[in-house]
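Asks: sequence below, structure please.
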Amino acid sequence: MDTLILKLKGMSCASCASSIEKAISSVPGVKECIVNFGAEQASIRYNSQKTDLKHIQDAVDAAGYQAYPLEEQEMMIGEDDKEKAVRKAQERDLIRKLVLGSVISIILIVGSLPMMTGLEFSFIPGWLHNPWLQLILTTPVQFWCGYGFYIGTSKALKRQTATMDTLIALGTSAAFFYSLVVTIFPDFFLNRGLKAEVYYETAAVVITLILLGRLFEHRAKGKTSEAIRKLIGLQPRNARVIRNGREIDIQIQEVQLDDVVVVRPGEKIPVDGEVIEGSSTVDEAMVTGESLPVKKQPGDEVIGATINKTGSFKFKATRIGKDTVLAQIVRLVQEAQGSKAPIQRIADQVTAWFVPGVIIIAITTFIIWLYATRNITLALIPTVGVLIIACPCALGLATPTSIMVGTGKGAENGILIKDAESLELAHKIQTIVLDKTGTLTEGKPTVTNFITVNGTANGNELKILSLAASLERNSEHPLAEAVVRYAQSQEVEVVDVRDFVAVPGSGVQGFVLDRFVQIGTLRWLESEGINTEVFLLQKDTWSKEGKSVIWIAVDGKIEALMGIADALKSTSKEAVRMLHKLGLEVVMLTGDNRSTAEAIGREVGIDRVFAEVRPDRKAAQVKSLQKESNKKEGKIVAMVGDGINDAPALAQADVGIAIGTGTDVAIAASDITLISGDLQGIITAIKLSHATIRNIRQNLFFAFFYNVLGIPIAAGILFPFFGWLLNPIIAGAAMAFSSVSVVTNALRLQKFKPY
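Replies: The predicted structure follows:
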């Protein structure tokens, strides 16, 4: 199956989104289509053997809308500028119509005050009461300012459906054309004992208020995509490369693979690459969330859009355009913002029947009032009020706006969320399973302890370390690499070795500065006749702590003992403590030996440890944990891992969380990716899920409560008790600002802080 993301134009409400979903889903070969009204885009899974982009676009065109692919160009700065220009043009058009509508509405309201209040106002000139003048003033508002509502209605009629535009067009047209009939044939009403009242101000003011609401909604929806624009804005516009022996400045789009790029202090790194010359520290906080600058030297990778701090260096471009880390982050955030959370299905089901239901209620309201009062004027007011106050837009925006802000906020904190379902499910997690190597630990052996027989007197410790590192430099064993790294950190001298020999499964030996050095296991050195009693107690202690112990002998005599372990990440203990604080069971799942795994588990406070689990059995273990519940639905389990062997378990878990420093396979199989590898990101993701779902529920409550309360009041349910009818103008104002309130509430998520 192929995946396609389309940018949509022409939608005015959630019913439009539903229509587009149906149109695309009806195309042969389309497996799934999700339209996000808030993001104005469609995510499509389709079989490229049965259909293509043109067929899908044709289906959208036939439904009365436009669609174009959201490709990698959309992530480039130039395209972001174009998007801003389009939004600005749309905003200017709304403002022009709003200004005209506002001026005319004020004139009409002033002219209609005597009719609306039953009072005489001496300061209002009589000609403002003239219905013909009001007709002339209202016509441009009705048919120019309200042109979009009629276009939307005609599109809906072609599809034999109805949208929010249909309600607005019906309501304002009812007021306008009723007033037009009264203006042309006043005697028809007067002869029947009815007042010849016109409602031009109602049509004009309602259209103006709805345009005002759409302007606010347009600006607010723009803010929900702020995370995408911030990410795109991280990318520098230019790069300095070396070509033909000269440094030249070029646009970032012109950088090619294997170009040598020069970066000076304070500059942004333009694309991803590998350092080939020089060294520096780089601030990667904006991409990985890592607060401390990271040291870079030849052989290290650098990420585009991060900031070079201290030194200057040259690097070879290894990923450009859509393949850079930043571009992939942007694409993942876009896909997540375009997805739907399961909780949205409620709103979708209601919205699908909402507009037709409102039209039926409006017709019923008109018939009841006309029958009860025999007054067409009195029947018209509640009918128009029902049509105007109904607002499926609020329902349609309730979930996607919160999802857009939530996933964007996750990206700002170094957390990539694959889709809305994962974001929603994260707050339900009951058990979290942690891989050990590379997740709780750094993923590489590190010297944690080093003691010598004679202590540190006369620099003895450093001398022994120099001999050991010189010998181990010739070995490819991971423990040997740990010894060399430790020696480098202590800045000891490393010299050449003579007669180096590696004894498989035992250790290494050779001559260093004419001294015979042996490094290896206890059993091997004892078989060589070397006395090891001096460190046996220490060896037992370290072994119980899960450390690998290597012995160092010089000229046939034990001189030092070294403890090596896969060191815990600095954040592991605190992360486990906070997971417990959230009420989660924390489990370790590892293929490592039981003693080592249990030692790590005790140190960080793990609840249960599953050790010596083969890679092919990890998924089965996760499945077993999912069944551990008294409830029929089972336990919600999250898996955190970083290696290829973790991929099946990540896929099996309800929520798979990959460490971003791990393998691409693990990241691809996961639902959430922690870019920096910091386990604190797990807590942030869970808290963000809680905050987002709480925000969605608030939005849905506002939307449902508004319609459940508003429609009956507009229909006149209070009239028998209080003699009060809702003015359609007030209904229009309420409808206009309901969507704005939902979007504004979603934007509160931008203030989310995990701690």
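
Asks: which residue ranges form the helices in the stretch 301-450 of the chain?
Replies: Here the stretch 301-450 of the chain has its helices, by DSSP state H, counting those that start in this stretch, at 325-337, 344-373, 376-389, 392-412, 420-425.

Asks: helices or strands up against the last one?
Replies: Translated: helix 420-425. Packing partners of helix 420-425 (3 or more CB pairs under 8 Å, 6 or more residues apart in numbering; DSSP states H and E): helix 392-412, helix 680-715. Bear in mind the C-beta positions are built from the backbone N, C-alpha and C, glycine included.

Asks: mean pLDDT lowest where, among those helices?
Replies: Note on the helices and strands packed on helix 420-425: lowest mean pLDDT is at helix 392-412, with a mean of 76.

Asks: mind checking how far that one is from the chain centre?
Replies: Remark: helix 392-412 is offset 9 Å from the chain centroid, using CA atoms, centre = their mean, to the nearest Å.

Asks: stretch 497-516 now?
Replies: 54 Å.

Asks: state the mean pLDDT of it.
Replies: Mean predicted confidence for stretch 497-516 is 88.

Asks: buried residues in that stretch?
Replies: Neighbour counts over stretch 497-516 (16 or more other CB atoms under 10 Å) mark 497, 500, 502, 506, 507, 508, 509, 510, 512 as buried.

Asks: export it as CSV, just CAs?
Replies: The C-alpha coordinates for stretch 497-516 follow below in CSV (Å, rounded to 0.1, in the frame of the first residue of the first chain):
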residue,chain,number,x,y,z
VAL,A,497,53.0,-3.5,21.4
ARG,A,498,55.2,-6.4,20.5
ASP,A,499,54.2,-10.0,20.0
PHE,A,500,50.5,-9.4,20.5
VAL,A,501,48.4,-12.6,20.8
ALA,A,502,44.6,-12.9,21.3
VAL,A,503,43.5,-16.0,23.1
PRO,A,504,39.9,-16.7,22.0
GLY,A,505,37.4,-16.6,24.9
SER,A,506,40.2,-15.9,27.4
GLY,A,507,42.1,-12.6,26.8
VAL,A,508,45.1,-11.0,25.2
GLN,A,509,48.8,-10.8,25.9
GLY,A,510,51.9,-9.1,24.5
PHE,A,511,55.0,-7.1,25.4
VAL,A,512,54.6,-3.4,26.2
LEU,A,513,57.8,-1.4,27.0
ASP,A,514,59.5,-4.8,27.4
ARG,A,515,57.0,-5.8,30.1
PHE,A,516,54.9,-8.9,29.5
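
Asks: hmm, who's touching that stretch?
Replies: Here stretch 497-516 makes contact (CB atoms under 8 Å, 6 or more residues apart in numbering) with 467, 470-475, 477, 480, 495, 517-521, 523-525, 550, 554-556.

Asks: hang on, the earlier thing: restricted to strands, list the buried residues of stretch 497-516.
Replies: 497, 500, 502, 507, 508, 509, 510, 512 (DSSP state E).

Asks: need phi/psi at residue 612.
Replies: phi 60, psi 40 (degrees, to the nearest 10).

Asks: what's the burial count for it?
Replies: 12 (other CB atoms under 10 Å).

Asks: go on, residue 159?
Replies: 14.

Asks: so it sits against residue 20, correct?
Replies: No. In this structure, residue 159 is not within contact of residue 20 by CB atoms under 8 Å, at 10.1 Å.

Asks: shared neighbours, these two?
Replies: Contacts common to residue 159 and residue 20, judged by CB under 8 Å, 6+ apart, are residue 63.

Asks: and residue 204, what pLDDT?
Replies: 85.

Asks: my guess is it is in a helix, correct?
Replies: Yes. Residue 204 forms part of a helix when assessed by DSSP: H, G, I helix; E, B strand; the rest coil.

Asks: re earlier: which of the helices and strands packed on helix 420-425 sits closest to residue 623?
Replies: helix 680-715 (20.9 Å; CB to CB).

Asks: in this protein, which residue sits furthest out from the middle?
Replies: The C-alpha centroid of the chain is most remote from residue 191, which lies 64.8 Å away (CA atoms, centre = their mean).

Asks: ignoring the adjacent residues along the chain, who's closest to residue 369?
Replies: residue 379 (3.7 Å; CB to CB, 6 or more residues apart in numbering).

Asks: check residue 746 too.
Replies: Per CB to CB, 6+ apart, closest to residue 746 is residue 401, 3.8 Å.

Asks: picking up where we left off before, pick out the most distant pair among the buried residues of stretch 497-516.
Replies: 506 and 512, at 18.3 Å, using CB to CB across the buried residues of stretch 497-516.

Asks: flag the shaky bits of the stretch 101-250 of the chain, pLDDT-wise.
Replies: Filtered on pLDDT under 70, the stretch 101-250 of the chain yields the residue ranges 113-123, 164, 189, 192-195, 213, 217, 220-232.

Asks: returning to what we had before: pull out the buried residues from the contacts of stretch 497-516.
Replies: If we count by 16+ other CB under 10 Å, the contacts of stretch 497-516 have these buried: 467, 470-473, 475, 480, 517-521, 524-525, 550, 554.

Asks: so what strands line up beside the helix or strand residue 552 falls within?
Replies: Secondary structure from DSSP states H and E places residue 552 in strand 548-554. Paired neighbours of strand 548-554 in the sheet (DSSP bridges): strand 515-520 (antiparallel), strand 557-568 (antiparallel).

Asks: just how off-centre is the first one within its chain?
Replies: Read it as strand 515-520. 55 Å.
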